[in-house]
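Colleague: Structure for the following, please:
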Amino acid sequence: MVAAPECVTVCFETQTPLYTGGIGQMGDALYPSNLLGGLRHFSTMLANALGVVGFEDRVWGNAKREDRLAHAKGVALHWDFSQMTKISLPAKIEVPKSDATQKNPSRWWFNTAYAGRFSLTLTRRALSDFDWQLVRMAVAIQTRKAMWGSKDQFGLGVVAFVDEPQAIATLVEPLKPTDVKGKTLADAQRLNLLRCAFATVQFQSAERTGARGRQLPWRTALALGLAVRATLRDALRSKEREKEKELKPLRHQMLGKLNEFGSAVNVSAAYGNPQQPEVRIMVVLKPESPEARSNILKGFNAALQQQLGERLAAMPELNHYRLKTATWDYGGKYLKTSETKTEWLNQLAGVTP
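Modeller: Numbering: from 1, shown residues only. Next up, the predicted model:
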């Protein structure tokens, strides 16, 4: 039996500006449809990880596509952006290429986005207790470990709960192994959170002039994130002709190619204390081969440890930063049992240490 409707409201604060695209990708406004689409995708990956069948249609609805009957949404979302402020971002960021023979750097263009506090109210309509639990858990995990909004301007969309302990208590009920015992992935080809990896890259500045708590300049924040992204892309390159031939399709599949692939690697701008900022990474590991997925993560980590410093040294505004730590958390390590799956997801959501 479906329980009576109920609402939960949580408040957020941007750590990097929030951007939802819009007409011409100009960032002229915040579009709830973009945020809804992101949560739909993220929550469905969570449900897929637990082998929950039919979650997307029940929760987010469909318009009678393929052989499935039309279904209304089982949850409503209301966003309050009244405390958000439009900000202008640096028009252009340049990142040097790793190959010294390529003189022209990569160029990234930005315009406007929004910063400040906002809230989300979720209203339960026609959902089972378990589907409703997964929606709320997805909000917690996406906020704590991933990003919100569009990826058309890289590096944006890191938000934090205004009061994380209270927000977690409001949103999340821990998953129990019995919730998923006996379930398997409904479709092994579907991407799910157990095929994802989350990372935090921390930096240390050699400069001691900035006071703790001073805001990191947007240009510096964006440049740090783009330097990390360029380093990850270079991890899937090789000067050896045969190996490059093998890596190129994988590089495009993972980090995108115009009109062919969207990026499966989302890298934030830097945020936090200017002396010790950090960058957030979420990687959706598309390859079906477990060995390929493992190799990608090993290559990414090696590139951060060995090559990121060279790129930072080549960028005058960043050459005082050094890599401090890069920590990875990969869902594939928790596949074996329902206990390990639920333990990891509860950790991501912040309900267990």
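Colleague: where along the chain do the helices fall?
Modeller: Ranges of helices in the chain, per DSSP state H, are 32-49, 55-60, 129-145, 164-171, 177-180, 218-234, 241-255, 290-306, 308-313, 338-349.
Colleague: shaky segments in this structure?
Modeller: 1-5, 64-70, 99-102, 181-189, 208-213, 353 (pLDDT under 70).
Colleague: nearest residue to the residue nearest in space to the middle of it other than its sequence neighbours?
Modeller: Nearest residue to the geometric centre of the chain (C-alpha atoms, centre = their mean): A146, 3.0 Å. Once flanking residues are discounted, A146 sits nearest to M282: 4.6 Å by C-beta to C-beta, 6 or more residues apart in numbering. To be clear about C-beta, it is placed using only N, CA and C from the backbone, and glycine gets the same treatment.
Colleague: Any figure for the gap between that neighbour and Q276?
Modeller: For M282, the distance to Q276 equals 21 Å [C-beta to C-beta, to the nearest Å].
Colleague: Who has more neighbours out of these two?
Modeller: For the pair M282 and Q276, the greater number of neighbours falls to M282 (19 against 13), based on other C-beta atoms under 10 Å.
Colleague: partner residues bridging that one?
Modeller: When assigned by DSSP bridges, M282 has beta-bridge partners F198, N266.
Colleague: close enough to count as contact, it and F198?
Modeller: Yes - here M282 reaches F198: they are 5.6 Å apart, a contact under C-beta atoms under 8 Å.
Colleague: what's the overlap in contacts for the two?
Modeller: Residues within reach of M282 and of F198 at once, by C-beta atoms under 8 Å, 6 or more residues apart in numbering, are K145, A146.
Colleague: Now do the strands in the stretch 51-200 of the chain.
Modeller: For the stretch 51-200 of the chain, strands defined by DSSP state E, counting those that start in this stretch occupy the ranges 75-80, 84-88, 92-95, 106-109, 112-124, 159-161, 196-205.
Colleague: what's the spacing between the last one and its chain's center?
Modeller: The reference is to strand 196-205. Strand 196-205 sits 12 Å away from the centroid of its parent chain (C-alpha atoms, centre = their mean, to the nearest Å).
Colleague: How about the longest one?
Modeller: The offset between the C-alpha centroid of strand 112-124 and the centroid of the whole chain comes to 17 Å, using C-alpha atoms, centre = their mean.
Colleague: List the contacts of it.
Modeller: Counting by C-beta under 8 Å, 6+ apart, residues outside strand 112-124 touching it are 3, 5-14, 17-19, 26-28, 30, 74-81, 83-89, 132, 135-136, 139, 153, 156, 162.
Colleague: List the contacts of R280.
Modeller: Applying C-beta under 8 Å, 6+ apart, we find R280 in contact with K145, A146, M147, V158, F198, A199, T200, V201, V267, S268, Y271.
Colleague: can you put those residues in a markdown table and add distance to T178?
Modeller: Converted to a markdown table, those look like this (distance: C-beta to C-beta, whole Å):
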| residue | distance to T178 |
| --- | --- |
| K145 | 25 |
| A146 | 27 |
| M147 | 32 |
| V158 | 34 |
| F198 | 26 |
| A199 | 31 |
| T200 | 31 |
| V201 | 36 |
| V267 | 37 |
| S268 | 35 |
| Y271 | 38 |
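Colleague: Buried members of the residues you listed into ChimeraX, please.
Modeller: Here is the ChimeraX command that selects the buried residues among these (16 or more other C-beta atoms under 10 Å):
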select :145,146,147,158,198,199,201,267,268,271
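Colleague: and C7, how many neighbours does it have?
Modeller: Neighbourhood size, C7 [other C-beta under 10 Å]: 10.
Colleague: Please spell out the PyMOL selection for the buried subset of the contacts of strand 112-124.
Modeller: Selecting only the buried entries of the contacts of strand 112-124 in PyMOL, with 16+ other C-beta under 10 Å as the criterion:
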select buried, resi 8+10+11+12+14+17+18+19+27+30+74+75+77+79+84+89+132+135+136+139+153+156
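Colleague: how far is stretch 214-234 from where the chain is centred?
Modeller: Distance, centroid of stretch 214-234 to centroid of chain: 15 Å (C-alpha atoms, centre = their mean).
Colleague: contacting residues for the residue lying closest to A47 once chain neighbours are set aside?
Modeller: Of all residues not flanking A47 in the chain, F55 sits nearest, at 3.6 Å (C-beta to C-beta, 6+ apart). Residues in contact with F55 (C-beta under 8 Å, 6+ apart) are S43, T44, A47, N48, D131, L134.
Colleague: how about a cut-off of 10 Å?
Modeller: With contact taken as C-beta atoms under 10 Å, 6 or more residues apart in numbering, F55 is in contact with 43-44, 46-48, 74, 127-128, 130-131, 134-135, 186.
Colleague: what would those look like in TSV with distance to L318?
Modeller: Output for those, formatted as TSV (distance: C-beta to C-beta, whole Å):
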residue	distance to L318
S43	36
T44	37
L46	35
A47	40
N48	38
G74	46
L127	46
S128	49
F130	46
D131	45
L134	40
V135	39
A186	44
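Colleague: returning to that earlier point: out of the helices of the chain, which is the most enclosed?
Modeller: Greatest average neighbour count among these goes to helix 218-234 (a mean of 24), per mean count of other C-beta atoms under 10 Å.
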